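Novice: sequence first, then the predicted structure, then my questions.
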Amino acid sequence: MYLEFFKLNELPFRLTPDSEFLYMSGAHSRAKAYMDYTVWNREGFVVITGEIGSGKTTLIQKLLSELDENVLVAKIFQTQLDEVEFLQAVLVEFGLNPFNAKKVELIDMLNTFLLDNFLQLKQLVLIVDDAHNLSLKVLEEIRMLSGLETRKEKVLHVILVGQPSLNDMLDSPEMEQLLQRVRLRYHIRSLTENDTRDYIHHRLRIAGARDPAGVFAPDTFPIIYKYTGGLPRLINTLCDTAMTCAFADNIHSVSMATLNTAIEELQWLPYARRINKRRPEIGAAGGSETQGLLRDNTKVLENINNQIGRFEGVTPALTSLAGKIASIEALLKRIADSLEAEKPGTESIRAKHVREK
């Protein structure tokens with residue numbers, strides 16, 4: 001392709017996760033530090049979230065590349081699983097044969113494996129990518145697994161990685177017990193405009209460019225940021241397309257004209273407009289503030305629903321009470337009728353009784 005043309009050793013903007021090309025922005029460095037802390041300090045549980053294409057999977061690959069043989073890792077990247085399938089997947093990752101076993105047997109097999117290896121001073125780690133796709137039942141299984149501990153230490157360390165919707169799941173009332181086990185939570189924000197420029201130079205340098213700063217003209221970086229929102233995967237797509245256009249036009253540097261050609265071929269709108277187009281109601285109402293309001297209202301409705309559920313159990317008692325109230329109302333009506341009969345001009349029941357005697 002354009003490797004010889006730009007004098008590169010590798011393609012700099014491939015979409016596949018490659019930890020060698022990982023650009024450690026401030027946000028990525030913080031997320032990686034939290035992962036390291038969870039593994040090496042036996043702190044049990046960390047949740048890392050980020051938008052699609054923010055580099056979450058590449059961070060996982062970076063972490064895995066640095067672990068030694070003393071760390072046993074179960075990596076789950078397929079999360080469209082029920083509870084039994086999930087437990088089977090974890091056991092397979094740990095090198096066991098869990099098939100044809102019932103759920104109780106799977107749990108016993110996994111707990112035995114974890115405790116045996118813990119006693120051999122092994123670090124045991126469960127990493128789940130795309131965790132936002134997990135069902136609440138599977139998350140509950142993870143909570144149960146994370147509860148395995150000695151008097152001082154957690155036996156299994158859990159790293160959940162997913163899109164922002166994972167946070168909404170964890171904040172739901174049903175996940176209160178799981179949330180209490182989470183030691184650290186961090187959201188990987190998008191790259192800034194300066195980070196975007198440094199990210200592009202970094203990947204070109206790793207790919208073997210002799211002059212990384214000369215491949216893209218300086219005035220292209222604000223436009224690249226505008227159309228990608230600082231998301232690494234989108235930056236890769238746009239930069240690779242732009243370099244392909246430059247190669248086709250026999251130009252050794254990506255100019256504004258070349259970049260605009262790439263944007264037209266991709267048929268992209270600016271990133272902010274693309275997001276608002278996918279979510280018109282949210283975009284028109286004000287972005288993140290409206291999202292937060294919607295989340296708050298959802299939580300309020302969930303709480304109301306829970307309260308209604310509690311009242312369902314006292315329905316028979318309320319029905320009985322309603323019957324008693326009806327009887328009381330009938331008695332009060334008879335008393336009221338008696339009092340009405342004793343008004344002036346009307347012979348009272350008591351006077352009538354005395355006269356008859």
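Specialist: On my side now, so go ahead. Numbers count the residues shown, from 1 in each chain.
Novice: the helix or strand that contains R273 - contacts with which helices or strands?
Specialist: R273 is part of helix 271-278 when elements are defined by DSSP states H and E. For helix 271-278, the helices and strands in contact under the criterion 3 or more Cβ pairs under 8 Å, 6 or more residues apart in numbering; DSSP states H and E are helix 221-228, helix 280-285. The way it works is simple: take the backbone N, C-alpha and C, and place the C-beta from them, glycine included.
Novice: lowest average pLDDT across these?
Specialist: Per-segment confidence across the helices and strands packed on helix 271-278 bottoms out at helix 280-285, which has a mean of 44 in mean pLDDT.
Novice: how many residues are close by the nearest residue to D219 once chain neighbours are set aside?
Specialist: Nearest in space to D219, with sequence neighbours left out and distances taken as Cβ to Cβ, 6 or more residues apart in numbering, is M256 at 5.7 Å. Other residues near M256 come to 12 when the count uses other Cβ atoms under 10 Å.
Novice: could I get the contacting residues of M256?
Specialist: Contacts were defined as Cβ atoms under 8 Å, 6 or more residues apart in numbering; by that measure M256 touches 217, 219-220, 223.
Novice: got those as TSV, with distance to V161 and neighbour count columns?
Specialist: What follows is the contacts of M256, written out as TSV (distance: Cβ to Cβ, whole Å; neighbours: other Cβ atoms under 10 Å):
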residue	distance to V161	neighbour count
A217	36	15
D219	36	10
T220	32	24
I223	31	15
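Novice: with distance to A101 added, can I get these in a markdown table?
Specialist: Listed next are those as a markdown table, based on distance: Cβ to Cβ, whole Å:
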| residue | distance to A101 |
| --- | --- |
| A217 | 60 |
| D219 | 62 |
| T220 | 57 |
| I223 | 56 |
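Novice: between the residues you listed, which sits nearest K56?
Specialist: The shortest approach to K56 among the contacts of M256 belongs to I223, at 25.7 Å (Cβ to Cβ).
Novice: so the nearest residue to the closest one once chain neighbours are set aside is in which element?
Specialist: With Cβ to Cβ, 6+ apart as the measure, L259 is the residue that lies nearest to I223, at 5.9 Å, once sequence neighbours are left out. Using DSSP H and E, L259 sits within helix 256-266.
Novice: figure out how far that helix is from the centre of its chain.
Specialist: Between the mean C-alpha point of helix 256-266 and the mean C-alpha point of its chain there is a distance of 33 Å (Cα atoms, centre = their mean, to the nearest Å).
Novice: and for stretch 162-174?
Specialist: 5 Å.
Novice: and V47, which of the three is it?
Specialist: Reducing the assignment at V47 to three states with DSSP: H, G, I helix; E, B strand; the rest coil gives strand.
Novice: for it, give its distance to Y199.
Specialist: In this structure, V47 and Y199 are separated by 25 Å, where distance is defined by Cβ to Cβ, to the nearest Å.
Novice: what's the answer for P98, then?
Specialist: P98 is 41 Å from Y199, where distance means Cβ to Cβ.
Novice: okay, those two: which has more neighbours?
Specialist: When neighbours are counted by other Cβ under 10 Å, P98 and Y199 differ, and Y199 comes out ahead with 24 against 17.
Novice: quick one: contacts for the more buried one?
Specialist: Contacts of Y199 (Cβ under 8 Å, 6+ apart): 23, 25, 191, 232, 235.
Novice: hang on, it is in a helix, isn't it?
Specialist: Yes: note on Y199: a helix contains this position according to three-state DSSP.
Novice: pull the CA atoms of the helix holding R273 into CSV?
Specialist: Output in CSV follows, covering the C-alpha atoms of helix 271-278 (Å, rounded to 0.1, in the frame of the first residue of the first chain):
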residue,chain,number,x,y,z
TYR,A,271,-18.4,14.4,15.3
ALA,A,272,-20.7,16.5,17.4
ARG,A,273,-23.3,16.7,14.7
ARG,A,274,-23.1,12.9,14.1
ILE,A,275,-23.7,12.3,17.8
ASN,A,276,-26.7,14.7,17.8
LYS,A,277,-28.1,13.1,14.6
ARG,A,278,-28.1,9.7,16.3
